[in-house]
Structure formats: structure tokens, C-alpha cells
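Asker: no FASTA, just this:
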């Protein structure tokens, strides 16, 4: 052991006490978190010269067995290996296997909380009837794919292994770069009742004994293989959606002869499946300025009352899409309107049962057209020949060229009257905008949904908010407005946006609302609309029909806007910090004129403005000795401490002689210099948006970039220079930064008005005798009570 002198040891011990405190640099660069750029994905965020992606083409036949509610299918998949890698096996997604008893989704399911299960505080928190029905039905439902065969192009069986929602196909010969391989699959599965088992597809039963089928994830789909992750074969647990390759689809769908089919792609055989009248109406719709009814409600009602014994096969073809879905029912009413998207002629079409009217006939196709017009403006021209909205059991889900949307009116069981709430109306328009918008993100800008939900849901929710703003003024409760996420940003049970899709807490707020609000703030409060809109559109144009990652988005937005935004991505996407800026202290300064006549008068006025002490207040009127004996008064009784002396005047004259003209002008400027202390209590750095009110009543806004926090991320002092005294200041007056506590945003502080609800004390609540003697209600009385509640 080495023994140090006491003085030296003390020096070593105390040195650490003077070391700088750890500095939380909110502006450090993201290089430590983002992958290293290269020839595949560049530092600018654009695809590089070595960018590649795989491709898969599908030729398939499917039969809908309405009585068994089942799909039987077969098809050939041609897989193109455009990667630089040699592949010994392929991975295929079997998403229907989520309904199998051994699926990870079912086995890993938990209850939200023991308290909510055992002692719910309200009906909204407790377990619902349909929730219990879903759990019990799931245990018995014979779901999942039945893979009948997997064969190579020569008809020979291929070795394959099913791992729950994934299937590995072992290739007899490794697939080299630039090569392709074809194989065929035969399969079948039972369709889930969506209202019971949930899911992103399924069938719905109606009181008239007819069904409506929305069919998706209905065939074995190629898993994605790409440069960042290799095979994306994370198990399908339900939350993380789908990661798929682009390709061409040729699909024949056999359904009951009286069904109408809505599908991804263009219909190739209208002469075989549509009536002459329907074909003529479709022709009219292509040039119409408003929706044209193709299959009328009267025709749909006639089909509902009878069952065809034969079948028809509908033939569709879709080019350069990443998936394929369809819907089928004899209940469908169908309307359409042709629009132009760039150089592409598009048919906007809606399919819905009579239960969807009058809402669907009035709003659905209009909402499709509006979405394409608005999204084209902010991202890219919609490139496909059709865009479809279907009303069925799925509340909202997107596939290439087709979307499933749920809201519809409610029917009074007693009167038969159809009505809908404001929430239903705007919920319908909003969900159609959202789901059709998904054809841009991720159906064209093809992000990895299984990994990052926010890359499609968040970006899409943001553009959705812009489209809703263009629909009508004062659309309430809109995702994307910063004030709408304040409660979420205050909450404790949250994780960063940059969290894998299957591990998100508060899924809707995390993946939809927060990123949408963040982009709104980036557009309105950080970059401004011009820079943001250019950069966002550049991202969409760069990555259309390609697969971007978060780094590509972050880098493109910085590259195209010419702005370092690492602080923004770090704070909003990698942390759970919140915006909470507090206005802590304000001090006003004016420049001293150095003139003793002015300065001492100013000092006297300040002294006189001080509050009179309680002692002096109570002593007012007291008889003083100097009043009784005036001869005791002298020079100091006639002159206070602020009396100007000749010495003061001489010093002032000497001072002024030593100043240059510009220095003298500064003394006469009359400017008011106000120091304001701001504290960052929430941790998330943000621009300051400061509303200043002057003594004259004038108000104006100063916008200060977030870099104001770069040297001190917790507390700063900012100087404001005005021509007159400042009498009020408000940070974030328009609630544009999602500040979670606006009570500390103002000087002087402002009281927050609220209301206190009073409740009547309930007497004798548990009176068994009274309850026992209560008369039973008649059926008529029960119906009357239900009618009153519905109103």
C-alpha cells in the first residue's frame, strides 16, 4: 500500500466534489443511435445506388364456401432474389394461425389488471359480455391454415416447417442472387366471426340470415427479406401488422352467383359477373362529378331474399402491390365515381349493406375522393386504378386499393328509425380518410409495420389531420393537434415511440396520436409549413415502392429541410419526456441616463412606490418632537437622500464630455430590457412561443428556436427588448407545443377557472324491504325505458 500525505489525500478526496455535474446534452447527434449509412441507405436518407428489395408474384384461385364460412385456395408464388445474398430457405407468413390454440398471441395474452377484473370501478372498466364471449369462443374455434401441400414448379413436394404464424420452405437448391424460384401451395381455413373473435378480417351475420365477408390474410404470404433485418419473421401477435414485398397478383375468386365482390385490382371479366345495366352505370361513373349507384339498394334487397344455387368467378389483376384483399356479399349496394390522380384514372368506389345508409351513400365515396386529392398534395400521386371503401364488421383496416370501414347508423328496434350520432358521422369520414390514406403509408411507402407501427400509423394520422382540416372547419377531437395529447404526455405508463410494435403501451396514443402531434409541431412551430411540406413530400417521393426505416425518415427530413433535427427526434421519439416550460422570474431594466436630475428622481419614485410599513401606517398622525420644536429641523429635514448636488452635476458634465455621440444616443434610447427566466420542467426541449403584452395594450409573438436550450437544457434566461414596459407574457399562448402544465406559462400568473359539481347524499341505499316490494315492470314499461335511454 502507498501512503499519501494527509494534505495530498485530502486534495484527492475533494477534487471530485468540484468536478462538473453530468451534462444532459439534448442536442447531441443521433449518430450513436442510427445505423451507419452506406451504399444501400445513404446519409441523406435516400436509397443508395446499391439499394435492393425482393419481389413476389402471385397467381391464385380461391373459393368462398358461404355455408361453411370457409376459404379454399391454391396458387403459385414466384419469388425473386434481388439481394446480394444466397438463400437456402424461404419464410412465408401464415397469419391465420393466430387463431390456433398454440399461437403466441393466444398463449401470451394477459388481463389488463387484477383490479379491473375483480373490482371494476365502472362499467367501462369491467369485463364486458362480448369480451367473455370472445374468450370462450376463441378456445373452441377451429381456426388457422390447413396447409395441404407445398410443391416446387415440377410438382415435387417441398420440405417445410410450420412455426406457428411462420412457415419455412427448404429449397432443394440454394437461391442465388438474381435468381428466382416458383412454388405452389394449397390451403384452406375457417373464417372467423369478426364481431366475436375480432381480427383484421372476418364475416358478419345479419338478422336477414345473410353474411358479409371481409377477407384478408387469406393466403400464405412471403415474409420480407431486406438489408436491415434479413428475414422479418417475428411472430404475428396481433398488434404489429405486416411487412410484405411488392409484386403482381392474378386472382380468381369463386363466390355464390348472387354475390358482389369488391377487391384489390382491376376486374378483368365484367361481362361474366355484372349485368348490362351495372356495366353501363360503371361507364357513366368514370366521367361523373359525383358518385353513381352501380348496384342499387332495391337490387341488393331483392338478392337478400333469395339464395343462388350456382357460383360465379370474379377475375382480378393487380400490379405492383404488396398484398391482396377482397369482400363479398349479396347485400352490397355499390357506388362509384371516376377521378384523375396525376396521369392515372382512378375509380373511387364504395360497397355497403342497406344498414349503412343513409350515411354511406352520402359520404363514403366523397371521402375517398377527398383523401386522394389531399394526400396527393402532401406526398405522392395515388398510382392505382381503383380505391375502395367497404362497410362491414372490421372497424378500420387497409389493404392495397381496398379498405374495410365500420361505422354505420343504428336502428331503433321498436320504431325502426335509423339515426346516427355526430361521433358516428365524423368517425366514418375520419376512418375512411385514415384507411384510404394507408394506401400511401405503408402500401406504397412500404415501411416495416411489424417492427415500427408509428412509421405508417403516425405519419398517416398526421396527413389524415391535414385532410380533415380541408374537409370542414372546426373538426373536433382531431389526432394531430398537440393539445389532444397533453393527458397522454402527462401519463406515467408510456414508452418511447421508438419501441417495437408488440411492446407498446397505450397503443393508440403512442403510435398514432403522439407522432402525429409531433409532426404537427415540427410543421407549425419548428420548420414552418414551406420547409416541412417540401421535406415530407421528398420522403414520400424517395421511398415510394421501397422500404424505408426510421433513420431514412429522420435523415430525409433533415436533408430536405436543411435543418438539424436530431434534438427533435431524440426528445419526441426516443424518450417519454414532456414539454413543460415554466415562466419563473421577470426583471425589467432601463438604461440609466447618468443625469442626476433624472436618475435621483427615478430612485425617489421607486422609494415612494414601496409599500408603507405596518408600523408607519399605525403611527400616522402621531405628534412628533420636531413638529413641537421646529427649531430642531435643519438641512436634512428639508432635503432627502435623492437631492441632486452640484458634485453630482459636475460629475455628470465630466462623464458626458468623455462620451462619443453614439454613446450619448444610447443613453437616450429609452429601451426597456426585460430578463425572463424559463425552466424546462418536463425535460423535452421545445421552441419558445412567447406572447408579449405592452403597457399600451399591444401584443405580439416572438418565436425562439429550441436551440435556446443547447447550453442549459433545464433553465435559461432570455432578454426581450421593447419600446415600452412589458405588462404581460405568455409562453405557448396557442397551445401548440403540447405543454402539459399551462398554469405556469404566464406572467403574471393566471387563475384557471373550473366548476365544482355537488351531489345529493343518497339515503337508505340498501333497503332490502323496499327493493323486495318494488313492482315488476311490464314489457311495455321496459320498452318505454329503453326508448327514453336511447334518446
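Answerer: Thanks, I have it. The structure displayed is predicted, hence computed values, not measured ones.

Asker: what about stretch 370-377, distance to the chain center?
Answerer: Relative to its parent chain, stretch 370-377 has a centroid offset of 18 Å by C-alpha atoms, centre = their mean, to the nearest Å.

Asker: in that stretch, what counts as buried?
Answerer: Residues of stretch 370-377 classed as buried by neighbour count (16 or more other C-beta atoms under 10 Å): 370, 371, 372, 374, 375, 376. To be clear about C-beta, it is placed using only N, CA and C from the backbone, and glycine gets the same treatment.

Asker: quick check: mean pLDDT of it?
Answerer: For stretch 370-377, the mean pLDDT works out to 98.

Asker: ok, residues contacting it?
Answerer: Residues from elsewhere that reach stretch 370-377 (C-beta atoms under 8 Å, 6 or more residues apart in numbering): 339, 341-342, 346, 348, 382, 387, 432-433, 436-437, 440, 463, 466-467, 470-471.

Asker: quick one on the thing from earlier: of the buried residues of stretch 370-377, which pair is most distant in space?
Answerer: Farthest-apart pair in those is 370 and 376; separation 10.9 Å (C-beta to C-beta).

Asker: that older thread, make a PyMOL selection of the buried ones in the contacts of stretch 370-377.
Answerer: Buried residues among these (16+ other C-beta under 10 Å), as a PyMOL selection:
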select buried, resi 339+341+346+348+382+387+432+433+436+437+440+463+466+467+471
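
Asker: counting neighbours, what do you get for the residue nearest to residue 507 when sequence neighbours are not counted?
Answerer: Taking C-beta to C-beta, 6 or more residues apart in numbering, and ignoring the residues beside it in sequence, residue 507 has residue 239 as its nearest neighbour in space, at 6.4 Å. Using other C-beta atoms under 10 Å, residue 239 is surrounded by 16 other residues.

Asker: same check, this time on the one 3 residues further on
Answerer: Neighbour count for residue 242, taken as other C-beta under 10 Å: 21.

Asker: helix or strand for it, which one?
Answerer: Per DSSP states H and E, residue 242 falls between elements, in no helix or strand.

Asker: once you drop chain neighbours, what's closest to it?
Answerer: Spatial nearest neighbour of residue 242, chain neighbours left out: residue 449 (5.5 Å); criterion: C-beta to C-beta, 6+ apart.

Asker: wait, that neighbour sits on residue 501?
Answerer: Yes: contact criterion C-beta atoms under 8 Å: residue 449 and residue 501 qualify, at 6.9 Å.

Asker: what is in contact with the two at once?
Answerer: Contacts common to residue 449 and residue 501, judged by C-beta under 8 Å, 6+ apart, are 240, 241.

Asker: re the thing from before, quick one: residues contacting the residue nearest to residue 242.
Answerer: For residue 449, the contact set (C-beta under 8 Å, 6+ apart) comprises 240, 241, 242, 243, 442, 455, 456, 501.

Asker: you'd agree the fourth one is up against residue 225?
Answerer: Going back to what we said before, that points to residue 243. No: using C-beta under 8 Å as the test, residue 243 is too far from residue 225 to be in contact (9.8 Å).

Asker: looking at those two, which is more packed in?
Answerer: Per other C-beta under 10 Å, whichever of residue 243 and residue 225 has more neighbours is residue 243, with 26 against 22.

Asker: ok, the more buried one to residue 383 distance?
Answerer: 21 Å (C-beta to C-beta, to the nearest Å).

Asker: go on, residue 344?
Answerer: Distance of residue 344 to residue 383, given as C-beta to C-beta: 6 Å.

Asker: among these two, which residue is more densely surrounded?
Answerer: Neighbour count, other C-beta under 10 Å: between residue 344 and residue 383, residue 383 has more, with 18 against 13.

Asker: hang on, isn't that one packed against residue 343?
Answerer: No: using C-beta under 8 Å as the test, residue 383 is too far from residue 343 to be in contact (9.2 Å).
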